[in-house]
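**Student:** Sequence first, then the predicted structure, then my questions.
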Amino acid sequence: MREPNGTPRIGVYVCHCGTNIASTVDVAAVRDAAESLPGVVLSRDYKYMCSDPGQELIKHDIAEFGLERVVVASCSPCLHEETFRGAVGEGGINPYFFQMVNIREHDSWVHRDIAAATAKANDLIRAAVRRVRFHEPLEPRRVPIDPRVMVVGGGIAGIHAALTLANAGKQVYLVEREPSIGGHMAMFDKTFPTLDCAACILTPKMTQVRAHPNIQIMTMSEVEEVSGFVGDYRVRVKHHPRFVIEDACVGCLECIDACVFRNGKTPDEFNLGLSKRKPIYIPFPQAVPQVVVIDPEACIEFRAGCRKKTCVEVCAERNAIDFQQEVTYDEVTVGAIILATGFQAFEASRLPQYGYGRLDAVYTALEVERLVNASGPTEGSIVLRDGSTPTSIGIIHCIGSRDKNTNEYCSRVCCMYSLKLAHLLKEKTDAEIYEFYIDMRTPGKGFEEFYNRVEEEGVHFIRGKVADVYPEAGNTGRVVLQAEDTLAGMVRKIPVDMVVLATGLEPQPDAEDVRRTFNITCGSGGFFTERHPKLAPVSTFTDGVFLAGACQGPKDIPDTVAQAGAAAAEALALIDAGHIELEPNTAFVVEERCSGCRTCVGMCPFSAISIVDGKAVINEVLCKGCGTCVAACPSGAIRQNLFEDEEIFEEILGVLTHV
Amino acid sequence: MTAKPKVAFYWLASCGGCEEAVVDLAEDLLGVADAVDIVFWPVALDSKRADVEAMEDGEILAAFVNGAVRTDEQEEMVHLLRRKARVMVAFGSCSHMGGIPGLANLWDKEAIFDRVYRTSPTTDNPDGVVPKTEYASNGHRVTLPGFHDTVRALDQVTTVDYVVPGCAPTPNIIAAAVGALLSGDLPPAGTVLAPDVALCSECDRRDTKPDDLTITEFKRPHQIIADEDTCLLAQGLLCLGPATRAGCGALCIGANMPCTGCFGPTSSVRDHGAKAAGAIASLVGADDPEEIERILSTIPDPIGTFYRYGLPHSLLVRKRQPAGATE
């Protein structure tokens, strides 16, 4: 064992934390006991050590009494270790000549017996005093950071994050797997509660993205693999073939007219199958990029070999069509990544009692968004599948939400978009509209007012969960909604021409793959987990990977945009520093002691260890200081700053000395 | 001739293998014998304790002591040799770490005597006689050394300057140690005279060990025919090479037998058995507690496996004794 660095002069500070500690621990007695420990030259107690005067006390004592080590007994290091390290550093000694003792969460908050809690505080402080003698001066590690950022997902979250970063002068790669950016918002007609036209507010942003010199859009692209670490992520991006050369296509759309298919035969994805499109198409008029795409499943050139190639003919010298395109890959380096991969709507056919896919009168909310949209399959007319216009409409809330059989959580947006659709449908058809809700949730700016407005417009609200949707007797084409009206205390059976299912929001079907690719975590519902629900809502447990929008949980457009801005700000704060400071409490290999036995390699949860020339090498940027390899190394060749054997043994001896 | 440095060899609780190891130096032994004056070596020379007692303190250059310390006599001889020798060398695993005799620390004197002199199947001792330190017979007083409850390594009894590790030390290690002693080119006191790195570093099979090795059943050498080129751990054999000091040249592995850990840990490791057990446990390929239990149950004798050579030197030293028990 190494000797302590001479016999350092130690100062001990016992915090009252108001009465949090002082009511259960006799802080004066603890202070006196600490004073008698070997090496301790000064021991104080103070009401709030974390306060400015408390920190000043430490700085003052370092100067006045020549303290070389500092021990603060207060709360959890999670809260104030940084605070006190800072104070110690400002006092003029190495910030790591400091040890924190938790006598609040580990002591006063979990005990009632004052004598026992006081004895425990003494033990913990004795351990820290013995350990801190061995502390070595450490410096935070600095690694440079690549200033480029990748945004994954080109919905409103990704668009807003990308624009924010690009406007700040950062180069952004915006990766979108569909042929156009825009996401779900591009499909909406109006937005609640202000009834802004979704396209009117979204498409200018899409155009800005397209025109922005700092943004490189990668559509029809997916992230295949991520390696590296914060500040230096290497991202392999897979580009699916569009069969149209993006740089050559001018978006004239002549090829669509020229296609040998006179009419579309393929269900149009953007209109959720409510219309058909041709094999060569543009997803929607304002698509970004304004570039057509060929569906190889539908195009006869791919299926049979077309002799005419009318699209190629009409494209002529622009020569933008390339049937030979294949999957290609790019590898880009970025300092930070923002995930904005969005959500999928709940698949309504999973609840057969509502008849979706079986009864023509039943629509999902997203389909109705397209129906009411002027650029939708009916150009904004509410025309049902049988060609009629509805005179009565039932809207059923909480489809796939607030139900233990599907998703327990509330999808947050459905009440409000249902009110919006009720308003729009009322406006367009003057139908009788019945909203079946469990609870009306309108907790947002202008939301309750909107609810009142819709109610005044004559929409009927029935509090009850619809049990069943079935065809009305007599082949009327109508369906009956059966529900218990819990306010009236009766069962209602209401025949309607059209049913709208307010489907909830679910994680993307491949969220688990994305989670694994980016090495982040998912909650039980499958949405990505933020680092802290309150204090780090857009960060993840992987440094440099941030979350924006509905991939983190259901949210509406304002919340999504706010979160996207926050994620962009976090990414900016990270990369604008130019370098990252990393905790120095990492593991390191004493090279001449390493036998290359590989025990550590498989143990590292962060894949930070590799074998190079027969020796283990720890990537200190990837190392999180968990200590697994240190404990596992069978020959003691791996050590860890702040967790050296002698520090730990001294700590153990300190705790056990009183036994 | 008188200028030749004097050396002593002595054995404590040991099997005699370390003595054999000295002889194993073969013709090199003649070189040693030329270079030094062997003044005390009970296994080979007719010299007595009194001869040693008669020497000046520090007269002997080096005492090579093998075996663990378990009796009063052994302890006395250790202190005597320590006084007479300028350099005290713990020779072999037993003096280094307690060795195989150290496994007796799982019992105590009473339990050992009971087993050996009363209850073992081959014992015929109707009067239940057990050794005593003193016995009178026909007017003669007969004595035996006292037997300790706890077996100790040499450095738990006196100051040890160097350790020549191994069960038994290999010829190359012995030759290097003797060479260093005679040349005076010695590392700091307390050093184990073998490379301070684990055995995998000199194992030909190292690079055949996969990074993601997991084991679902530990095998004993007689249960499989091991491939001669592949890492033995990768074949399920419990090889302690990753946790054991190098220097032997991976002799056992060369004979297709796993390392049992006789060179002890590297200097960075406080408890050899715990480290070895930890490293082996990390290979267990299961998350389910019952499955883990099943896999670990394929290790028949964990203490005898992981603490085969070093129980007295471990953090625990021995099995817990009842309160108030004295040495």
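**Tutor:** Cool, the structure landed.
**Student:** can you list the domains in the chain?
**Tutor:** Using chain A here. A:10-140, A:141-240+A:327-342+A:517-578, A:254-318, A:345-506, A:586-640 (automatic domain parsing).
**Student:** The intended chain is chain B.
**Tutor:** If you go by automatic domain parsing, chain B breaks into B:6-100+B:150-192, B:109-148, B:199-306.
**Student:** Tell me which of those domains sits nearest to chain A.
**Tutor:** Of all the domains of chain B, it is domain B:199-306 that lies closest to chain A, at 2.7 Å by C-beta to the nearest C-beta. In this view, the C-beta of every residue, glycine as well, is placed from N, C-alpha and C.
**Student:** For chain B, just list every one of the helices.
**Tutor:** Applying DSSP state H to chain B gives helices spanning B:17-23, B:27-35, B:49-53, B:72-84, B:93-97, B:109-114, B:171-183, B:251-254, B:272-281, B:289-296, B:302-306.
**Student:** among the ones you listed, which is the most enclosed?
**Tutor:** Among the helices of chain B, ranked by average contacts under mean count of other C-beta atoms under 10 Å in any protein chain shown, first place goes to helix B:93-97 (a mean of 32).
**Student:** what's the average pLDDT for that helix?
**Tutor:** The average pLDDT within helix B:93-97 is 97.
**Student:** Return the residues of the stretch 201-327 of chain B in contact with chain A.
**Tutor:** B:201, B:206-207, B:209-214, B:241-246, B:265-270, B:275-276, B:278-279, B:282-283 (C-beta under 8 Å from any C-beta of the partner chain).
**Student:** re earlier: looking at the helices of chain B, which has the lowest confidence?
**Tutor:** Among those, helix B:27-35 scores lowest, at a mean of 81.
**Student:** Report the contact partners of the residue of the stretch 51-200 of chain B found nearest chain A.
**Tutor:** Closest to chain A within the stretch 51-200 of chain B is residue B:198: 3.5 Å, counting by C-beta to the nearest C-beta. Residue B:198 sits next to A:595, A:597, A:634, A:635, A:637, B:241, B:242, B:243, B:244, B:245, B:246, B:266 when contact means C-beta atoms under 8 Å, 6 or more residues apart in numbering or on different chains.
**Student:** for the helices of chain B, which one sits closest to residue A:652?
**Tutor:** helix B:272-281 (13.8 Å; C-beta to C-beta).
**Student:** Run a quick neighbour tally on residue B:286.
**Tutor:** By other C-beta atoms under 10 Å in any protein chain shown, 15 other residues sit near residue B:286.
**Student:** That should have said residue A:488, apologies.
**Tutor:** Neighbours of residue A:488 using other C-beta under 10 Å come to 11.
**Student:** so it is in which element?
**Tutor:** Using DSSP states H and E, residue A:488 falls within no helix or strand.
**Student:** what pLDDT does it get?
**Tutor:** 94.
**Student:** again, but for residue A:659
**Tutor:** 58.
**Student:** Pull the contacting residues for the residue in chain A that chain B sits nearest to.
**Tutor:** Residue of chain A nearest chain B, by C-beta to the nearest C-beta: residue A:636 (2.7 Å). With contact taken as C-beta under 8 Å, 6+ apart, residue A:636 is in contact with A:593, A:645, B:265, B:266, B:267, B:268, B:269, B:275.
**Student:** and if you look at residue A:528?
**Tutor:** Applying C-beta under 8 Å, 6+ apart to residue A:528 gives the contacts A:339, A:507, A:511, A:514, A:515, A:520, A:521, A:522, A:540, A:547, A:551, A:552.
**Student:** Need the max-distance pair from the residues you listed.
**Tutor:** Of all pairs in the contacts of residue A:528, the most separated under C-beta to C-beta is A:507 and A:540 at 14.7 Å.
**Student:** Can you pick out the residue with more neighbours from these two?
**Tutor:** Between residue A:507 and residue A:540, counted using other C-beta under 10 Å, residue A:507 has the larger neighbour count: 25 against 22.
**Student:** Okay, and the nearest residue to residue A:538 once chain neighbours are set aside sits in which element?
**Tutor:** Nearest non-adjacent residue to residue A:538, counting by C-beta to C-beta, 6 or more residues apart in numbering or on different chains: residue A:567, 4.3 Å away. Element membership for residue A:567, per DSSP H and E: helix A:557-576.
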